[in-house]
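sequence and predicted structure below; questions after.
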Amino acid sequence: MKHFKTLLALAASLCATAHAAPLRSVDLLLSGGSVYSGEVAPPQIADVGVRGDRIVFIGDAKRAHIRAKRTLDAKGLVVAPGFIDAHVHAEPELDSPDPQMRQVTRQIMQGVTTSIIGVDGEGTPDIAQRLKAYEAAGVGQNVASYVGFGAVRRLVLGESARAPGAAEVEAMRMHVARAMCEGALGLSSGLFYAPQSFAASEEVIAVAKEAGRRGGLYDTHMRDEGDSSVGVAASLEEAIRIGRESGAPLHLAHIKVTNGTRGDGSAMQGLVDMIEAARAAGQPVTADQYAWTAANTGLDSAVIPRWAQDGGREAMLARFDNEADAARIRSESKISMPLAERVLVNNAPGQPAVVGKRLSELAKDWGVTPIEAAMRLLKVGEVGAALFVMTEADVRVAMVRPWVMSSSDGRSGGHPRAYASFPKLWAEYVVANKILTPEQFIHRSTALPADSFGLQDRGRIRVGAYADIVAFDAARFVPRATYVEPRLLADGVVHLMVNGQAELVDGKPTGVLAGRGLRKAPKVGTCP
């Protein structure tokens, strides 16, 4: 009887404690928004509660008696997982000593909370050091990085066009293996660019196997995206082969066709058919895309033959001054006056008078051919250019594929894609033309890249996920940057959280730098 009375007393005590317990609390509550999970599914009107760096509640906070230390009003707003930019050049900002630069304002104003860097073969093999430095200094983005084929090739071969020996291939492989064990997403390449363009497929496969065996991707800016060398179809065949033989899932950077000769979408449809055949055969293939009809690259990469770039910039300039080499460059150039009209100079340090002018315009002003105008520009310094070489029909054919995700390919500079890719995709292709549904736009910008790149607990609004969240006004989420004024920040993002901390409130940066380095775990047993 005494034991029974003790149990009754304990039960009564627990009951009284339960009734007296404080109501559940959260650190931050986004209240009353139209919440998209990241899946291709309809939204729900709900409150989203955050405690620490995680989402802990989704539902009706009042009914659930949730108390919040801070509440941000999201009524009438789209609430979604923070966007993941699948291909971006943010390193100059992230590496800056200036905390305002490391905020990467152009990204957060687009709703981006995670940036994928180290692309086009330029990712440092020192993954651990880079991500640790970002976390120590404080950055406004989560950051995940590839190790770059170009970076490791330069470490071993410099700028040389020659083929590596067996020991040199092994040295490149060891660089990639170490980077993968430090958390790299995989191996990226930029076979369009010298000196990576000098590598044979077999060399790339041998190096990419180190990523593949550890569960990493092979990401590539293909050897040719139009008809400047081997052709886009042959380049895609090569990329599919490298992915297949290396064992690495293939990811195609900024999928496009740059010859601009067909305006009916059939050029892109041919690539789509090849990719979907590979996928049907069991090979994992994905791609990212920015919704612009102008590319952006260095003028040398666009117009100078690759052999003339063997050895790097100084060697190229020496060939410009050699009469025989210069004559060969002129004779092999494909940059006619009609093509030169599609080349807009948008970045030329030390040559401000040429920025905003077409290459054709400069050639006429100087009384020379387009290739001679290009060589004249490059003798002064590095030159960036927007290339109007894609068609709207091709953009739309790729856009609707379920394996295509969102990216900007942006760097702070002369192309508006760095400042406006995500709002342009929303305003033009969701709202105005209804090529994508809101659910598709959000999925391709969140859950799809998170799953494809192995970013655990990112890319979704669900209990337990990291609180990377954007709240934007569907009517005001628009691009402002143009080719004339490329650095105008986007409008319409009202609130943005990175790892549970508010980096934007009421459309204004808070100065909080809550980003983290995201490391991909290698396959068990593949690293020391």
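Good, I have the coordinates.

can I get the helix or strand that contains residue 131 in PDB, CA atoms only?
In this assignment (DSSP states H and E), residue 131 forms part of helix 127-137. In PDB, the C-alpha atoms belonging to helix 127-137 read as follows (Å, rounded to 0.1, in the frame of the first residue of the first chain):
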ATOM      1  CA  ILE A 127      39.600  22.600 -49.300                       C
ATOM      2  CA  ALA A 128      40.000  22.300 -45.600                       C
ATOM      3  CA  GLN A 129      42.100  25.400 -45.400                       C
ATOM      4  CA  ARG A 130      39.700  27.500 -47.500                       C
ATOM      5  CA  LEU A 131      36.500  26.500 -45.700                       C
ATOM      6  CA  LYS A 132      38.200  26.900 -42.300                       C
ATOM      7  CA  ALA A 133      39.300  30.400 -43.300                       C
ATOM      8  CA  TYR A 134      35.800  31.300 -44.300                       C
ATOM      9  CA  GLU A 135      34.300  30.200 -41.100                       C
ATOM     10  CA  ALA A 136      37.000  31.900 -39.000                       C
ATOM     11  CA  ALA A 137      36.600  35.200 -40.800                       C
END
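
contacts for that helix next, please.
For helix 127-137, contacts defined as C-beta atoms under 8 Å, 6 or more residues apart in numbering pick out 94, 99, 102, 124, 143, 145, 147, 179, 182-184, 515-519. Using the backbone N, CA and C atoms, a C-beta is placed for each residue, glycine as well.

flag every buried residue along it.
For helix 127-137, a neighbour-count test (16 or more other C-beta atoms under 10 Å) marks 127-128, 130-131, 134 as buried.

show me which of those residues is closest to residue 269.
Nearest to residue 269 among these is residue 127, at 37.3 Å by C-beta to C-beta.

quickly note the distance from that closest one to residue 97.
Plainly put, residue 127 is 21 Å away from residue 97 if you go by C-beta to C-beta, to the nearest Å.

what of residue 341?
41 Å.

who has more neighbours, those two?
residue 341 (15 against 7; other C-beta atoms under 10 Å).

how about the more buried one, nearest residue that isn't a chain neighbour?
The shortest distance from residue 341 to any non-neighbouring residue, by C-beta to C-beta, 6 or more residues apart in numbering, is to residue 360 (4.3 Å).

likewise residue 269?
That would be residue 397: by C-beta to C-beta, 6+ apart, it lies 5.4 Å from residue 269.

give me the residues contacting the helix or strand where the one you found lies.
Counting by DSSP H and E, the element that carries residue 397 is helix 392-399. By C-beta under 8 Å, 6+ apart, the residues outside helix 392-399 that reach it are 255-257, 262-265, 267-269, 271-272, 287, 289, 291-293, 404, 429, 435-436.

same deal with stretch 453-461?
Contacts for stretch 453-461 (C-beta under 8 Å, 6+ apart): 35-39, 48, 55, 58, 79-81, 84, 86, 114, 116, 142, 144, 185, 215, 217, 446-451, 464-466, 468-469, 518, 520-521.

change it to 6 Å
By C-beta atoms under 6 Å, 6 or more residues apart in numbering, the residues outside stretch 453-461 that reach it are 35, 37-38, 81, 185, 446-447, 450, 465-466, 518, 520.

secondary structure class for residue 368?
coil (DSSP: H, G, I helix; E, B strand; the rest coil).

contacts only, for it.
No residues are in contact with residue 368 under the rule C-beta under 6 Å, 6+ apart.

the one 3 residues further on now?
Each residue near residue 371 by C-beta under 6 Å, 6+ apart is listed here: 330, 333, 335.

quick one: the first one from residue 385, how far?
Residue 330 sits 19 Å away from residue 385, taking C-beta to C-beta as the criterion.

quick one: which of these two has more around it?
A direct count of neighbours by other C-beta under 10 Å for residue 330 and residue 385 places residue 385 higher, at 28 against 13.

so the more buried one is in which element?
strand 384-387.

tell me what that strand is packed against?
Packing partners of strand 384-387 (3 or more C-beta pairs under 6 Å, 6 or more residues apart in numbering; DSSP states H and E): strand 343-347.

alpha carbons only: can I get the strand it packs on in CSV?
These are the backbone C-alpha positions of strand 343-347, laid out as CSV (Å, rounded to 0.1, in the frame of the first residue of the first chain):
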residue,chain,number,x,y,z
VAL,A,343,30.7,40.7,-78.2
LEU,A,344,30.2,43.5,-75.6
VAL,A,345,33.2,44.5,-73.6
ASN,A,346,32.1,44.8,-70.0
ASN,A,347,35.3,44.6,-68.0
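
run through who's touching it.
Contacts for strand 343-347 (C-beta under 6 Å, 6+ apart): 354-355, 357-359, 384-387, 413-414.

and these, which are buried?
Buried subset of these (neighbour count, 16+ other C-beta under 10 Å): 354, 357-359, 384-387, 413-414.

OK, contacts around the residue nearest to residue 341?
Neighbour list for residue 360: 337, 340-341 [criterion: C-beta under 6 Å, 6+ apart].

is it fair to say it lies in a strand?
No: looking at residue 360 with three-state DSSP, it is helix, so not inside a strand.

that one and residue 388, how far apart?
Distance from residue 360 to residue 388, by C-beta to C-beta: 12 Å.

go on, residue 352?
22 Å.

that older thread, which of the buried ones among the contacts of strand 343-347 sits closest to residue 228?
residue 387 (10.6 Å).

in the sheet, who's paired with the closest one?
residue 295, residue 343 (DSSP bridges).

gap between it and residue 344?
Separation of residue 387 from residue 344 (C-beta to C-beta): 8 Å.

what segments of the stretch 201-350 of the chain are helices?
For the stretch 201-350 of the chain, helices defined by DSSP state H, counting those that start in this stretch occupy the ranges 201-212, 232-246, 266-280, 299-303, 313-321, 323-332, 337-340.

name the residues that touch the last one?
Right, the one you point to is helix 337-340. Outside helix 337-340, the residues that touch it by C-beta under 6 Å, 6+ apart are 359-360, 370.

apply 10 Å and report the result again.
259-260, 302-303, 333, 358-364, 369-371, 373-374, 387-389 (C-beta atoms under 10 Å, 6 or more residues apart in numbering).

and the fourth one, by the same measure?
Under the contact criterion C-beta under 10 Å, 6+ apart, helix 299-303 has outside partners 190, 192-194, 197, 228, 258, 295-297, 306, 308-309, 313, 316, 329, 333-335, 339-340, 342-343, 345, 347-348, 359, 370-371, 373-375, 377-378, 382-385, 387, 389.

just for the protein, where's the confidence low?
1-23 (pLDDT under 70).

now could you export just the CA positions of the one helix or strand residue 92 maps to as PDB?
Under the criterion DSSP H and E, the helix or strand holding residue 92 is helix 91-94. Coordinates of each C-alpha in helix 91-94 appear next as PDB, following Å, rounded to 0.1, in the frame of the first residue of the first chain:
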ATOM      1  CA  GLU A  91      35.700  33.600 -54.300                       C
ATOM      2  CA  PRO A  92      37.000  37.200 -54.700                       C
ATOM      3  CA  GLU A  93      34.300  38.400 -52.300                       C
ATOM      4  CA  LEU A  94      34.600  35.500 -49.900                       C
END
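
tell me which residues in that helix are buried?
91, 93-94.

from those residues, pick the one nearest residue 161.
Checking the buried residues of helix 91-94 one by one against residue 161 (C-beta to C-beta), the nearest turns out to be residue 91, at 26.0 Å.

what's the closest non-adjacent residue to that closest one?
residue 117 (5.7 Å).

give me the number of residues near that neighbour?
24.
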